[in-house]
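[1] need a structure here:
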Amino acid sequence: MSDNLPRRQVLRTAGALGLGAAAAGALSSTADASPDRVAAMNAQHGHGKLEIRKDPFGTTPEGVGVDVYTFTNGRTTISMLTWGATIQRVETPDRRGRVENISLGFDNLPDYAALSPYFGATVGRYGNRIAKGKFTLDGHTYQIPVNNGENALHGGTIGFDKKVWKAKVVKTDKVVGVAFTYVSPDGEMGFPGELTSTVTYTLDKQDNLRIDYLATVAGKPTVLNLTNHVYFNLAGEGTGSIDGHVLELKAAKYTPVDAGLIPTGELAPVAGTPFDFNTPTAIGKRIRDDHPQLVIGRGYDHNFVLSGKPDHDGLRFAARFWEPTEGRTVTVHTSQPGAQFYSGNFLDGTFQGIGNKSYRQGDAFAFETQHFPDSPDHPTFPSTVLRPGQTFTSTTIYTFGTK
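    Got it, this is the predicted structure:
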């Protein structure tokens, strides 16, 4: 949307998106801004030098130190923990240049260890769900500890989100960030093979947070599904509901689930359903519709089959989220075939985050680029098998901006 749209057009656009008068008013305030004023605001909050620092964050009960790495381009600042290779904070300006943290998290290690529903974590060995924690590979059946009803979620009871990763600073004249590495031994959480995973998070001067995944396995073949579980509220962490956020999601199909949130195997069309976000739509516009899949998930907690065409780098446009009042956006490109859109349905206000505010149902969203849930039990889904001698790679980019 242009920053100098006429007020009438802004109001029409807001109505089509299912937004209220307050959001429309916020849009029109930016729409009425002159190009010179917008340019001046951008210059005032322009990019600076790429910098990174390391600080202690805490110590595990076993005596292992956990560090926080903070890296910035002078406009956007990312803080990451060696605990779970976790995105702790994402600080970025709104359309007026006011900087807020837009990522849910904690300010101390004990809360991450005891309370965190994967806030910002790098999850694995298998992100998302495996039915009954069981799969068969090459004639061998493997059992993962169940931790989500009768199913295994995000790698079992002690997944990669609860491990201390080794960290190495990455810094060039174009990017700054951290490469995190974790070696998962054969049999850990029931998974076969020794898996070495390196996940590199880098920020460039254009506000692109790039995540590069690389993994190899030794000894035995395995299954893996690595992703990041950052929770966003683009109005600012702890500010309330994300119902007014507008989502454009490039997907023609999604994977319906059963009562345990396990895919049925069907690839269902989104057309004519509350799952169609191909046209930008407010997240809350249809979230309370009487649709059986929304009832099962208490909202959106579903894998979408991405349909955007890959570019020359193998990345496709997946989604764009936009918060109209403050104007922040996050755009997602990925090489992965799917993405789990989660509307924070199971946040229940029982703990407080970084800003000492309770996180309640619908106070954040996650968009986890991935292979499909329970793929080891669905031969028609894209394979998640990794064999010795093969290398798994994938890339996801979150681009932060305003409009």
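[2] now Gly190. Its backbone dihedrals?
    phi 90, psi 0 (degrees, to the nearest 10).
[3] then Gly284?
    Phi and psi for Gly284, reported as degrees, to the nearest 10, are phi -80, psi 0.
[4] show me what contacts it?
    For Gly284, the contact set (CB atoms under 8 Å, 6 or more residues apart in numbering) comprises 18, 241-244, 362. Quick note: C-beta positions are derived from backbone N, CA and C, even for glycine.
[5] which single one of the residues you listed is nearest to Glu326?
    Gly244 (10.5 Å; CB to CB).
[6] the closest one against Pro324, yeah?
    Yes. If you go by CB atoms under 8 Å, Gly244 and Pro324 touch, sitting 6.6 Å apart.
[7] looking at the two, which one has more neighbours?
    Pro324 (28 against 23; other CB atoms under 10 Å).
[8] in a markdown table: the contacts of Gly284, plus secondary structure, pLDDT and distance to Pro93.
    Below are the contacts of Gly284 laid out as a markdown table (DSSP: H, G, I helix; E, B strand; the rest coil; pLDDT from 0 to 100; distance: CB to CB, whole Å):
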| residue | secondary structure | pLDDT | distance to Pro93 |
| --- | --- | --- | --- |
| Gly18 | coil | 43 | 26 |
| Ser241 | coil | 97 | 22 |
| Ile242 | coil | 98 | 19 |
| Asp243 | coil | 98 | 23 |
| Gly244 | coil | 98 | 19 |
| Gly362 | coil | 96 | 24 |
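[9] distance to Ala259 added to those residues, as JSON lines?
    Shown next, in JSON lines, are the contacts of Gly284 (distance: CB to CB, whole Å):
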{"residue": "Gly18", "distance to Ala259": "29"}
{"residue": "Ser241", "distance to Ala259": "26"}
{"residue": "Ile242", "distance to Ala259": "25"}
{"residue": "Asp243", "distance to Ala259": "25"}
{"residue": "Gly244", "distance to Ala259": "30"}
{"residue": "Gly362", "distance to Ala259": "21"}
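[10] ok, those residues vs Gly177, which is closest?
    Ile242 (26.5 Å).
[11] how near is that closest one to Asp311?
    From Ile242 over to Asp311 the distance is 28 Å, taken as CB to CB, to the nearest Å.
[12] ok, now Ser335?
    Taking CB to CB, one finds Ser335 at 10 Å from Asp311.
[13] and those two? Which one has more around it.
    Neighbour totals were compared for Ser335 and Asp311, and Ser335 leads with 20 against 11 (other CB under 10 Å).
[14] next, that one: phi, psi?
    phi -100, psi 0.
[15] just the one 10 residues further on next, same as before
    Main-chain dihedrals, Asn345, degrees, to the nearest 10: phi -70, psi -20.
[16] same check, this time on Thr82
    Dihedral angles of Thr82 (phi, psi; degrees, to the nearest 10) stand at phi -70, psi -20.
[17] doesn't Val66 make contact with it?
    Yes. Counting by CB under 8 Å, Thr82 does reach Val66; the two are 5.3 Å apart.
[18] who touches both of the two?
    With CB under 8 Å, 6+ apart, Thr82 and Val66 have common neighbours 57, 164.
[19] who has more neighbours out of those two?
    Just comparing Thr82 and Val66: by other CB under 10 Å the higher neighbour count belongs to Thr82, 22 against 19.
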